[in-house]
Every structure is written in structure tokens, then in C-alpha cells.
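Enquirer: from the sequence below, what's the structure:
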Amino acid sequence: MGRCSHGAKARRNRIVAALAMALALAATTAAAQKQYDPGASDTEIKVGNISTYSGFFSQYGAVARAEAAYFKMINDRGGINGRKINFISVDNGSDARKSLDLARTLVERDQVLLIFSAQGAGTNLAIRDYMNQKGVPQLFASATSSKLNDPSNFPWTIGYQESGRTEAAIFTQYVLLVKPGAKIAVLYGNDETGRDYLAGVYDALGDKASSTIVKEVAYDGDAQNIGALVAALKDSGANVFFNMAAGRYATEAIRAAFDSGWHPMQFIANMSQSTGAFLDPAGLQKSAGIISSARSKGWLSAQARDDPQVRDFLDWMKRYNAGANVSDSANVYGYGAAQVLVEVLKRCGDNLTRANVLRQATSLDMEVTMLYPGIRIRTSPTDYRPIKQLYLIKFDGRDWVKFSDVLE
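Expert: Numbering: from 1, shown residues only. Alright, predicted model coming up:
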């Protein structure tokens with residue numbers, strides 16, 4: 001009996017030793033399967049961001065604040081595959097010229113895995129060469145420049161929203177449909193964003209441009225003469241006003257047109273449609289009748305709140321972004337963009353290399369909860385435009401009202 005017991009004990013010891021070796025090998029293999037580039041570890045994912053918390057375009061800092069609030073919610077829920085997001089967001093003071101140095105600091109000193117949702121066309125174009133030379137993802141740029149969809153030359157740079165050129169072309173096609181013989185006046189910024197909008201108008205008009213556009217004027221970044229420019233547009237006899245100004249400039253132009261007694265069919269860019277940030281300062285009644293485009297669901301009306309996804313957004317606002325103005329569309333934008341980045345990082349699993357982040361970001365087909373039904377995030381290695389669809393909306397003096405189908 002003793003010899004049998006001794007033999008059984010020896011066999012058990014061999015089994016235990018073999019099992020321990022197998023577990024150790026499995027752990028080693030699992031560890032070996034984890035792949036990290038700078039900015040990623042077992043516990044953390046560093047995400048860089050450049051925003052406009054101060055300066056003339058400080059209202060757009062609300063986008064990054066919303067993104068930070070969304071990541072806080074994700075971290076409270078355990079992070080992404082057990083890793084917390086460390087969102088390192090810096091301020092360029094609304095001066096795109098500072099952005100390249102900020103990007104270098106984020107990549108080389110802070111060692112971020114990627115830069116996400118950098119604010120403005122000027123900023124994103126200023127850092128694009130550097131990001132592509134370094135092979136660091138520049139994901140979901142918060143800008144409307146069509147130049148951010150150029151995968152053959154800048155494979156590490158991806159936009160997020162539809163371009164200003166596309167948006168302006170859709171506005172123009174609508175005018176041609178409903179207002180034959182229209183006389184169009186255009187106000188635009190003398191910068192990359194503004195010229196993109198102007199190009200969209202010309203794209204849609206084709207050979208009708210010379211007879212349809214009766215006046216176009218550009219303002220510079222330090223403009224103090226919006227009222228005078230609007231007066232010149234009014235004097236042209238235009239009955240359609242493409243107010244493609246950015247942010248506060250759009251606000252000034254809305255007010256100047258109304259106060260001068262000029263009431264054309266007016267369009268403003270999606271980037272300037274925030275009720276809380278831009279229309280309220282212009283005057284809600286002065287803004288009544290303005291047309292713009294949208295990609296997101298409404299969220300302010302009682303009817304909108306019947307949607308459980310809208311209720312989730314509003315609950316998130318109360319818990320994580322309570323200091324923000326709920327009528328500011330920047331919060332919806334940041335909420336949605338952050339949702340897309342979280343999905344990309346989830347899909348990366350334990351392969352948190354920059355190459356895999358890019359691979360996942362350029363193979364998306366997903367719903368974002370606050371996007372309007374029928375509008376999806378879609379990317380491919382040859383198409384870096386995540387959002388390609390929108391619909392038209394009109395401001396009724398209190399809220400935006402949808403009045404078209406989804407357009408592409």
C-alpha cells in the first residue's frame with residue numbers, strides 16, 4: 001500500500017509540475033501576444049488632443065471638454081479592455097501656428113499613442129506632415145477641410161465630419177431646386193476652411209456660377225469689419241446669403257444682416273449652428289429662418305427625449321458634463337467622436353500599435369448613437385471620410401427643425 005501511495009504521490013507531483021509549466025508557458029505566450037507602441041501599456045492608453053480653450057474660437061473648446069467627459073465615463077466603467085484613457089489635451093489659444101510645437105510635445109515628451117480630434121483646419125494641416133513622417137495616427141480631425149481626406153499622400157491623417165466643400169455644394173443644389181434665378185452672395189473666411197466652402201458653391205453651380213454669384217467677400221482672421229462686408233453683400237442685390245463664416249464671425253454676420261433690414265434666404269455652416277454658442281448671442285429671433293445642415297439627432301425637444309439614446313446622452317450630460325450648455329451642439333459632436341475612438345481602441349484588443357490603430361480606424365462601419373438614423377460611420381483604406389451624409393434643417397426661432405431626407 002505504501003509503495004502504491006508513494007507512486008500516486010509522485011504522479012501527482014509530475015502532473016502539478018507539468019500543469020505549472022503549461023500555465024507559465026500560456027502566460028508567456030499571452031504576454032508575447034500583447035503589442036504596444038509608445039502611449040500604450042497594460043493599464044493605460046495615452047491620447048493627445050489640441051484644442052482652442054482660449055482665444056477667438058474658445059467656444060470650440062467645448063468639443064474637447066465633452067470628449068474628456070466621455071472618456072471619464074469610459075474609465076469609470078473599467079476603461080477599454082482594462083486600460084484607462086489618459087486624455088492629454090492642450091490649448092493652442094486659437095492660434096494654429098502653435099500647433100506643430102504642441103504636437104511634437106505630445107508625441108515626443110508625453111509619448112501619446114495618437115492625436116485625436118485636433119481642433120480646426122489650420123491646426124490639422126499644420127501638424128499633418130509631422131504626424132505622417134512620425135507614423136503617428138492623427139484621428140478624426142475636428143475640421144471641415146477636404147484636404148484631410150487624402151489617404152494616398154497622408155495615410156496617417158483621418159477627418160471626421162463631411163467637408164465644407166460638400167456641405168456648401170448641398171446648400172447650393174437646394175437653392176437651384178427651390179429658387180430658380182437666385183442671386184447668391186457669399187461671405188467666407190480667407191483661409192483653408194473658407195476657401196473650401198467657396199469651392200463647394202462653384203462646384204454645384206458649374207457654368208452658372210458667373211451669372212448666379214453676384215458678390216463674394218472674404219474676411220481675415222482678425223476681422224473687425226463684418227458689418228461692412230455684410231453691407232456690401234446686401235448692396236449687391238442678392239436674395240440668397242451663404243454666411244459661411246466661422247463661429248463668432250457667423251454670429252456677427254447674422255446680427256448685421258438682420259439689423260440692416262436684409263432678410264435673404266440665409267445659410268450657415270454646420271460648424272456655426274450651435275444654438276447656445278452662436279445663435280443665442282446673435283439673437284434667436286434674428287436667426288429665425290436660417291438654414292443649415294445636420295448629422296445628429298435633435299435632443300432639446302420633449303419629443304426627442306422619447307428616444308432612449310437621446311435620454312442616455314442627456315443623462316451623461318447631467319453626470320459627466322454638467323457645467324456645459326446643453327443647447328451647445330459641440331457636446332453632441334464631442335460625445336459622438338469620442339464614441340468612435342473608443343470603438344477603434346476596443347477593436348485593437350491587445351495589439352495597441354499605431355499601425356493597428358490606423359488599420360481599425362480605416363475599416364469602420366458602425367452606428368453612433370446620436371447620429372441621425374441612416375447616417376453611419378464608414379471608412380476604408382481608400383476613403384477617409386467617416387461621415388458622408390447629412391440633412392437640412394431650419395431654425396424656427398427656438399430650435400432646429402429637420403426638413404429634408406438624408407443627403408449624400
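Enquirer: which outside residues touch the strand or helix carrying Asp101?
Expert: Following DSSP states H and E, one finds Asp101 within helix 99-104. Residues outside helix 99-104 that contact it (CB atoms under 8 Å, 6 or more residues apart in numbering): Gly48, Ile50, Val90, Asn92, Ile115, Ala118, Gly122, Thr123, Ala126, Ile127, Tyr130, Met131. Quick note: C-beta positions are derived from backbone N, CA and C, even for glycine.
Enquirer: ok, and the most crowded of those?
Expert: Ala118 (34 neighbours; other CB atoms under 10 Å).
Enquirer: so that one touches Val47, yeah?
Expert: No: using CB atoms under 8 Å, Ala118 is not in contact with Val47; the gap is 11.3 Å.
Enquirer: quick one on the thing from earlier: need the worst-confidence member of the contacts of helix 99-104.
Expert: The lowest pLDDT within these belongs to Gly122, with 92.
Enquirer: center of this structure - which residue?
Expert: Ser142 (4.1 Å; CA atoms, centre = their mean).
Enquirer: doesn't Gly122 make contact with that one?
Expert: No: using CB under 8 Å, Ser142 is not in contact with Gly122, being 11.7 Å away.
Enquirer: let me know the secondary structure of Ser292.
Expert: What DSSP: H, G, I helix; E, B strand; the rest coil gives for Ser292 is strand.
Enquirer: is it bridged to anything, and to what?
Expert: With DSSP bridges as the criterion, Ser292 is bridged to Ile393.
Enquirer: how far away is the closest residue to Ala232 other than its chain neighbours from Pro308?
Expert: Of all residues not flanking Ala232 in the chain, Val217 sits nearest, at 6.0 Å (CB to CB, 6 or more residues apart in numbering). Separation of Val217 from Pro308 (CB to CB, to the nearest Å) stands at 46 Å.
Enquirer: and those two? which has more neighbours close in?
Expert: Val217 (17 against 9).
Enquirer: sorry, back to before: next, the residue nearest to Ala232: phi, psi?
Expert: phi -140, psi 140 (degrees, to the nearest 10).
Enquirer: which ones are touching it?
Expert: Val217 neighbours (CB under 8 Å, 6+ apart): Val186, Leu187, Tyr188, Leu229, Ala232, Leu233.
Enquirer: ok, now Ser380?
Expert: Counting by CB under 8 Å, 6+ apart, Ser380 has contacts Thr362, Ser363.
Enquirer: for it, list each beta-bridge partner.
Expert: Asp383.
Enquirer: now it: how far from Pro151?
Expert: For Ser380 relative to Pro151 (CB to CB), the value is 9 Å.
Enquirer: check Gln35 too.
Expert: Taking CB to CB, one finds Gln35 at 23 Å from Pro151.
Enquirer: just Phe267 next, same as before
Expert: Phe267 is 30 Å from Pro151, by CB to CB.
Enquirer: Glu408 - how many residues pack around it?
Expert: Neighbours of Glu408 (other CB under 10 Å): 10.
Enquirer: show me what contacts the residue lying closest to it once chain neighbours are set aside?
Expert: Once flanking residues are discounted, Glu408 sits nearest to Gln389: 4.7 Å by CB to CB, 6+ apart. By CB under 8 Å, 6+ apart, the contact set of Gln389 is Glu162, Arg295, Gly374, Ile375, Arg376, Val406, Leu407, Glu408.
Enquirer: Gly79: which of the residues you listed is nearest?
Expert: Nearest to Gly79 out of the contacts of Gln389 is Arg376 (CB to CB; 25.8 Å).
Enquirer: give me the neighbour count for the closest one.
Expert: 15.
Enquirer: I'd say it and Asp365 touch.
Expert: Yes: using CB under 8 Å, Arg376 is in contact with Asp365, at 6.5 Å.
Enquirer: for Gln173, helix, strand, or coil?
Expert: helix.
Enquirer: residues near it, how many?
Expert: Gln173, neighbours per other CB under 10 Å, totals 15.
Enquirer: with adjacent residues omitted, what lies nearest to it?
Expert: Gln173's closest residue in space is Ala204 (CB to CB, 6+ apart), at 5.2 Å.
Enquirer: if I pick that neighbour, what's in contact with it?
Expert: Ala168, Ala169, Ile170, Thr172, Gln173, Leu176.
Enquirer: correct me if wrong: the first one contacts Gly194.
Expert: No: between Ala168 and Gly194 no contact is recorded; they are 10.2 Å apart, counting by CB under 8 Å.
Enquirer: who touches both of these two?
Expert: Met244.
Enquirer: now the closest residue to Trp400 other than its chain neighbours: how far from Leu284?
Expert: Excluding the flanking residues, the one nearest Trp400 by CB to CB, 6+ apart is Ile393, at 4.3 Å. Between Ile393 and Leu284 the distance, using CB to CB, works out to 15 Å.
Enquirer: looking at the two, which has the bigger crowd around it?
Expert: Using other CB under 10 Å, the more surrounded residue of Ile393 and Leu284 is Ile393, with 20 against 15.
Enquirer: helices of the protein, start to end?
Expert: 2-33, 61-76, 99-104, 121-134, 164-178, 192-205, 209-212, 226-235, 248-259, 280-282, 308-320, 329-348, 354-361 (DSSP state H).
Enquirer: give me the residues contacting the fourth one.
Expert: For helix 121-134, the external contacting residues (CB under 8 Å, 6+ apart) are 50, 92, 96-97, 99-100, 103-104, 107, 115, 118, 137-138, 141-145, 147-148, 154-157, 191-193, 196.
Enquirer: filter the residues you listed down to the buried ones, ChimeraX style.
Expert: Only the buried entries of the contacts of helix 121-134 go into this ChimeraX selection, using 16 or more other CB atoms under 10 Å:
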select :50,92,96,99,100,103,107,115,118,137,138,141,142,143,144,145,147,148,154,156,157,191,192,193,196
